[in-house]
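Enquirer: Here's a sequence, model it:
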Amino acid sequence: MTHTVLVFLDPAYPDGRVEDASKPTLYATDLGVTRGDGAFETLLVLDGHVRKLPAHLNRLNSSARMLGLEVPDHEAWERAIVTALAEYQRDIGVLDEVVVRLVVTRGIEGTHTPTCWVAAFPPAPTAKRQREHGVDVLLLDRGYDSTIAERAPWLLLGAKTLSYAVNMAALRYAHERGADDVIFTSSDGKVLEGPTSTVLVAHAETDDDGHLTLKRLVTPQLDSGILPGTSQGALFAAAKEAGWELGYGPLEPDDLFDADAVWLISSVRLLTPVNHIDGKSIGSDSTLRGRLTEELAALFDRIA
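Expert: As a prediction, this is how the structure comes out:
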């Protein structure tokens, strides 16, 4: 069984309450279980360093505001994370690569106290493999147009909620058809995001000596009903400092097929190259695509 450490945020335990993950820990009437009513964040610890923690905590607060949830302050989460990682290191011995998940639910039905916990566990074996070798994806229609988020805020399209059944169904659909992942599109033909990732598109130009003279990195518009990516934000900051041109869509499927490289980026898989979309190869120059991936991955590692 995969080793998991659970630490609940509890006012009676300032540094968090450690619980045995192999035993029942949630009430069956918790609204996070019965209705998916809650929010979460997933981040990565590499070589003992927690990556992008402030960005994740800020996004958790943003999701909670959209849901009308009160959540503990940043310091309470940080103390629980420290406790979880200390327990994990005591049990496993190393913190070379650990996934940390922060979860808040509306709590037990009929009460007004949220349930909050931190979980620490190893990443899935597929994460590193896909990061190193890339993925094949399908384009799937999400069923909403790209302006729905502003017209219908109750859809919570910009929040990272526990209601991930649709995202998981999309991934199962792709797996059944031999693909690894999905890029959602809107009903009006705009590129959105992956079920658990942000889409990045790159174009580059080289001179006669093969030196890169132009590097442009584009992601879908943030107001199109997608989750603002903490990894995308960190990488854009690093790329800007390194002289890349940056853009925020709008992107259409043809833009993916015309790109020199496409990636899915997330906190756990990091920068993952897209090899094929709907069976079509991405990037006509594999050497150029590899150079762009190597440069962006190095930038992301330094800043995150």
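Enquirer: those helices in the stretch 1-150 of the chain, which residues are they?
Expert: Secondary structure of the stretch 1-150 of the chain, counting by DSSP state H, counting those that start in this stretch: helices at 31-34, 53-67, 74-92, 125-133, 148-151.
Enquirer: want to throw those into TSV with distance to Arg101, mean neighbour count and mean pLDDT?
Expert: Backbone N, C-alpha and C define where each C-beta goes, glycine included. TSV is the format used below for these (distance: least, Cβ to Cβ, whole Å; neighbours: other Cβ atoms under 10 Å; pLDDT from 0 to 100):
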stretch	distance to Arg101	mean neighbour count	mean pLDDT
helix 31-34	13	19	95
helix 53-67	10	19	96
helix 74-92	10	18	95
helix 125-133	14	14	91
helix 148-151	25	14	90
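Enquirer: For Ile277, which of those is the nearest?
Expert: helix 125-133 (14.9 Å; Cβ to Cβ).
Enquirer: Remind me what the closest one packs against, helices and strands.
Expert: strand 270-277 (3 or more Cβ pairs under 8 Å, 6 or more residues apart in numbering; DSSP states H and E).
Enquirer: Next SSE downstream of the strand it packs on?
Expert: strand 280-281 (DSSP states H and E).
Enquirer: mind listing what that following strand pairs with, with the direction of each?
Expert: Paired neighbours of strand 280-281 in the sheet (DSSP bridges): strand 270-277 (antiparallel).
Enquirer: by how many degrees do the strand it pairs with and helix 125-133 diverge?
Expert: 70 degrees (axes from the mean of the first three to the mean of the last three Cα atoms, to 10 degrees).
Enquirer: which residues are in contact with strand 270-277?
Expert: 44, 130-131, 134-139, 183, 197, 200, 231, 235, 253, 256-257, 261-266, 281-282, 289, 293, 296-297, 300 (Cβ atoms under 8 Å, 6 or more residues apart in numbering).
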